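A.B. asks: I'd like to go over a predicted model; first the sequence, then the structure.
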Amino acid sequence: GMPTMAITFDNHPMEVVRPGFVPELLITYEEKSRRISATGVDRVEVIHFTRDIMNMPARDFMERNLRNRLGVRVLVIGYDNRFGRRNPEETFETYVEYGRELGIEVIEGPRPEECGLFEGQPVSSSLIRKLMKDGREDAAQQLMML
């Protein structure tokens, strides 16, 4: 019964983490937002990734941005998602605990291998990039439509 929201960045985080790095984008951010909207979500929220966000402790990011600014009550994140400053001691379970403290239910989304395989490999942006480099644009395009 709650409205849905997809949260994405309008810049690639690696552009901030490793200045000078130019990521190989599969689609533009405008196209990404259009495709996300086409899934039927109620709202697409775009965040600009900055050094402040990169250095922010995960709990602070969850409190300030997800709960206070965006009103998130249930959060579905990828198994390998990390917020803000890297802390090797933080795990998915840590985020679940932060969520409990903040009134956000944190749920782990499906792992790539649970969403389907292509030639025995989990579908991912890395796989799509590899297919494109190998001249297999048709296969890459097919995977991008999933």
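C.D. replies: Yep, it's here. No experiment lies behind these values; they were computed from the predicted model shown.
A.B. asks: which residues does Glu108 contact?
C.D. replies: By CB atoms under 8 Å, 6 or more residues apart in numbering, the contact set of Glu108 is 76-79, 92. Every residue, glycine included, has its C-beta placed from N, CA and C.
A.B. asks: Also Ala6?
C.D. replies: With contact set as CB under 8 Å, 6+ apart, Ala6 has these partners: 36, 39, 41, 43-45.
A.B. asks: Next, it: phi, psi?
C.D. replies: The phi and psi values for Ala6, taken as degrees, to the nearest 10, are phi -110, psi 130.
A.B. asks: again with Ile7
C.D. replies: phi -110, psi 130.
A.B. asks: In this structure it contacts Leu70, no?
C.D. replies: Yes. With contact defined as CB atoms under 8 Å, Ile7 reaches Leu70; the gap is 7.1 Å.
A.B. asks: Now for the two: what residues contact both?
C.D. replies: Contacts common to Ile7 and Leu70, judged by CB under 8 Å, 6+ apart, are Glu45.
A.B. asks: Verify the stated contact: Gly116 with Val123.
C.D. replies: Yes. Judged on CB under 8 Å, Gly116 makes contact with Val123 at a distance of 5.5 Å.
A.B. asks: Name the residue in these two with the higher neighbour count.
C.D. replies: Counted by other CB atoms under 10 Å, Gly116 and Val123 do not tie: Val123 has more neighbours, with 16 against 11.
A.B. asks: can you pull up the bridge partners for the closest residue in space to Ser33 that isn't next to it in sequence?
C.D. replies: Of all residues beyond its chain neighbours, the one nearest Ser33 is Val44 (5.4 Å), with distances taken as CB to CB, 6 or more residues apart in numbering. Bridge pairing for Val44 (DSSP bridges) gives the partners Ala6.
A.B. asks: number of nearby residues for Val44?
C.D. replies: When neighbours are counted by other CB under 10 Å, Val44 comes out with 17.
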